[in-house]
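[1] Could you work out the structure for the sequence below:
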Amino acid sequence: MGLSLPTGVVVLLMISAVTLIGAIASFVFAWRVSGWIVRSILIMASVVLLAPAGLALICFKPELIDGRYKTYKQFYRDIHTGMSRSEVMALVEKHYPETGQRLLPKVIEDSEGRLAFHMNPEGEREPNCEGICVNLQQGKVVYKFYSRD
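    Numbering: from 1, shown residues only. Below is the predicted model:
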């Protein structure tokens, strides 16, 4: 069973890898040249070449720049096997206090065997369905799953 990525992701990763290698090479050459003008140009080129790698990093780790993701993913990490339903709901209150800047995630399923949440978009168009699913047996967490948008 192999991992298959969408073509756009593969292209972004390839471009990022090539430009990252180019940025490193440009930076190394900048240290080797003696003229300050050429060194400045090479350093500027390495900074420009780092942009696609930075874009890829932001695409794969959005919590670096977006507090919604950071809070939501911390909420997910704090859910552990064996927790009760009330402990999971207490985590919601801990991570999303009434006076906090983040809006509560939407509870999309609250049944005997499952809790499911969607991250609140907080007025933004995207993401619109970043999700957490928690499976319960006898009121205790047995499995959790994070679903990216």
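[2] Residue 133: what secondary structure?
    Assigned with DSSP: H, G, I helix; E, B strand; the rest coil, residue 133 falls in the strand class.
[3] for stretch 36-46, the distance to its chain's centre please.
    Shown here is stretch 36-46, whose average C-alpha point lies 33 Å from the average C-alpha point of the whole chain (C-alpha atoms, centre = their mean, to the nearest Å).
[4] Tell me the buried residues in that stretch?
    For stretch 36-46, the buried set under the neighbour-count rule, 16 or more other C-beta atoms under 10 Å, comprises 42-43, 45-46. C-beta: built from backbone N, CA, C; applies to glycine.
[5] now do stretch 91-100
    Result for stretch 91-100 [16+ other C-beta under 10 Å]: buried residues 91-92, 95-96.
[6] what's the answer for stretch 12-25, then?
    The neighbour-count criterion (16+ other C-beta under 10 Å) identifies 12-13, 16, 19-20, 22-23 as the buried residues of stretch 12-25.
[7] Show me what that stretch is in contact with.
    Outside stretch 12-25, the residues within contact range by C-beta atoms under 8 Å, 6 or more residues apart in numbering are 5, 45-47, 49-53, 55-56, 59.
[8] Now distance to residue 117 and secondary structure too, for those, in CSV please.
    As requested, those are arranged in CSV below (distance: C-beta to C-beta, whole Å; DSSP: H, G, I helix; E, B strand; the rest coil):
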residue, distance to residue 117, secondary structure
5, 26, coil
45, 45, helix
46, 42, helix
47, 39, helix
49, 39, helix
50, 35, coil
51, 34, helix
52, 33, helix
53, 32, helix
55, 28, helix
56, 27, helix
59, 23, helix
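[9] before we move on, the earlier item: closest one of the buried residues of stretch 91-100 to residue 102?
    Within the buried residues of stretch 91-100, distances to residue 102 taken as C-beta to C-beta reach their minimum at residue 96, with 5.4 Å.
[10] Many thanks, we can stop here.
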